[in-house]
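Asker: Below is the structure, and that's it, no one-letter string:
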Ligand SMILES: Nc1ncnc2c1ncn2[C@@H]1O[C@H](COP(=O)(O)OP(=O)(O)OP(=O)(O)O)[C@@H](O)[C@H]1O
């Protein structure tokens, strides 16, 4: 049963391309994921991790070869007619006919929805109001992306799927899309987003999952995903030290490059306190002292570098539940 609190629930989801085990490829290998209503959830992963394959299953565009998925309590593939009017999909390539104008394209899509937004409102939301009469084939790459987004929004979706929504956008257009996504979320829209821009996930996501080889290998809030990674302290010593064991920090990994010291620790507060006490006692100035938690990028790279994760049942945090 899907709770009314859950917009999306996937359990043991599998997708195999090709019909035989010998020649096929399993891109999604038993994935569990829960997205709450009103939440913005980001699905991250390296190229080929299985994000798009997973999104297509959740969107009802393909049938799983194993496991189950529900969107708003229904099977998105078998009950597509019931679910389609309640979701909005922004694909990586919209592929709309090039000879239609922007407004004609949107009018066509509005006709498939029971309660569409006015075309002018959708154009305004994505900053294409002045391109309404332009043919789709004449749009720039970034403008096409914004048209894809307008099409996804035209039916006032309860659940919005955004597959790399800001790829190809300039920084100003990206910031505008982020603002729009925040407003949609504030108005109660559930959003499932894939992105390669980790700052996009950091900016927008309530929770996120990192996929690798068809599985979720880490999930939670940004802070929770980062918490597993060591923090970093850097500074310059006044002179190159004689011995790397100079610093009495048993909990930490200390690296030297000339006068530059980099300390990696899972106990940032304790290590920093010990370091500052040592510097005080030794009367050493720690020039350019910088202490910071791992970034999402560091966490992502560390997770991506791990050897292949084991069978689905052994993977951590597969439910997408907060750890
Ligand atoms: N139609 C297909 N037939 C066979 N293999 C496929 C097919 N579509 C995708 N794959 C494979 O499935 C794996 C997952 O692809 P998918 O597009 O889901 O990954 P992704 O995480 O979205 O990647 P990217 O970030 O590059 O978009 C890849 O190894 C890909 O080559």
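Answerer: Right, received. Where do you want to start? Model, not experiment: these values are computed from the prediction.

Asker: Which one of the residues in the stretch 201-323 of the chain is closest to the ligand?
Answerer: Sorted by distance to the ligand under CB to the nearest ligand atom, the residues of the stretch 201-323 of the chain start with residue 211, at 6.5 Å. Every residue, glycine included, has its C-beta placed from N, CA and C.

Asker: helix/strand/coil for that residue?
Answerer: strand (DSSP: H, G, I helix; E, B strand; the rest coil).

Asker: Strands of the protein, start to end?
Answerer: Counting by DSSP state E, the chain has strands at residues 6-17, 25-36, 40-45, 66-71, 87-90, 159-163, 190-194, 207-212, 215-220, 231-236, 253-257, 260-265, 287-292.

Asker: same for the second one, what does it pack against?
Answerer: So the one you mean is strand 25-36. strand 6-17, strand 40-45, helix 51-59, strand 66-71, strand 190-194, strand 215-220 (3 or more CB pairs under 8 Å, 6 or more residues apart in numbering; DSSP states H and E).

Asker: Residue 182 versus the closest residue to residue 180 other than its chain neighbours, what's the distance?
Answerer: Nearest non-adjacent residue to residue 180, counting by CB to CB, 6 or more residues apart in numbering: residue 125, 5.9 Å away. Relative to residue 182, residue 125 is positioned 13 Å away (CB to CB, to the nearest Å).

Asker: These two: which is more packed in?
Answerer: More neighbours surround residue 125 than the other of residue 125 and residue 182, with 20 against 14 (other CB atoms under 10 Å).

Asker: gap between that one and residue 183?
Answerer: Residue 125 is 9 Å from residue 183, by CB to CB.

Asker: before we move on, the earlier item: who does the residue of the stretch 201-323 of the chain closest to the ligand bridge with?
Answerer: Counting by DSSP bridges, residue 211 is bridged to residue 45, residue 216.

Asker: need the helices and strands packed on strand 25-36 in a markdown table with distance to residue 163, can you?
Answerer: Listed next are these as a markdown table, based on distance: least, CB to CB, whole Å:
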| stretch | distance to residue 163 |
| --- | --- |
| strand 6-17 | 15 |
| strand 40-45 | 9 |
| helix 51-59 | 6 |
| strand 66-71 | 15 |
| strand 190-194 | 5 |
| strand 215-220 | 17 |
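
Asker: Give me whichever of these is most buried.
Answerer: Of all the helices and strands packed on strand 25-36, strand 40-45 has the most neighbours on average by mean count of other CB atoms under 10 Å, namely a mean of 26.

Asker: Packing partners of that strand?
Answerer: If you count contacts as 3+ CB pairs under 8 Å, 6+ apart, strand 40-45 packs onto strand 25-36, helix 51-59, strand 190-194, helix 198-204, strand 207-212.

Asker: contacting residues around that strand?
Answerer: Residues from elsewhere that reach strand 40-45, judged by CB atoms under 8 Å, 6 or more residues apart in numbering: 8, 33, 35, 51, 54-55, 181, 185, 190-196, 198, 200-201, 204-212, 300, 320.

Asker: picking up where we left off before, with distance to residue 151 and mean pLDDT as added columns, please give the strands of the chain in CSV.
Answerer: Below are these laid out as CSV (distance: least, CB to CB, whole Å; pLDDT from 0 to 100):
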stretch, distance to residue 151, mean pLDDT
strand 6-17, 20, 96
strand 25-36, 22, 95
strand 40-45, 20, 96
strand 66-71, 19, 97
strand 87-90, 7, 93
strand 159-163, 11, 95
strand 190-194, 16, 96
strand 207-212, 25, 96
strand 215-220, 29, 94
strand 231-236, 43, 94
strand 253-257, 50, 89
strand 260-265, 46, 93
strand 287-292, 40, 95
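
Asker: Let's have those strands in TSV, adding distance to residue 78.
Answerer: Below are the strands of the chain laid out as TSV (distance: least, CB to CB, whole Å):
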stretch	distance to residue 78
strand 6-17	15
strand 25-36	18
strand 40-45	23
strand 66-71	10
strand 87-90	15
strand 159-163	17
strand 190-194	20
strand 207-212	25
strand 215-220	24
strand 231-236	47
strand 253-257	52
strand 260-265	50
strand 287-292	48
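
Asker: right, and those - which one's nearest residue 134?
Answerer: Nearest to residue 134 among those is strand 87-90 (19.6 Å), distances taken as CB to CB.

Asker: does the ligand sit close to that closest one?
Answerer: No. Judged by CB under 6 Å from any ligand atom, strand 87-90 and the ligand are separated, with a smallest distance of 13.9 Å.

Asker: in its sheet, what does that strand sit against?
Answerer: Checking strand 87-90 against DSSP bridges gives partners strand 159-163 (parallel).

Asker: Is the ligand within reach of the strand it pairs with?
Answerer: No. Judged by CB under 6 Å from any ligand atom, strand 159-163 stays clear of the ligand, getting no closer than 7.8 Å.

Asker: report the angle between the axes of that strand and helix 51-59?
Answerer: With axes from the mean of the first three to the mean of the last three CA atoms, to 10 degrees as the basis, strand 159-163 and helix 51-59 are set at 160 degrees to each other.

Asker: Nice, that's everything, thank you.
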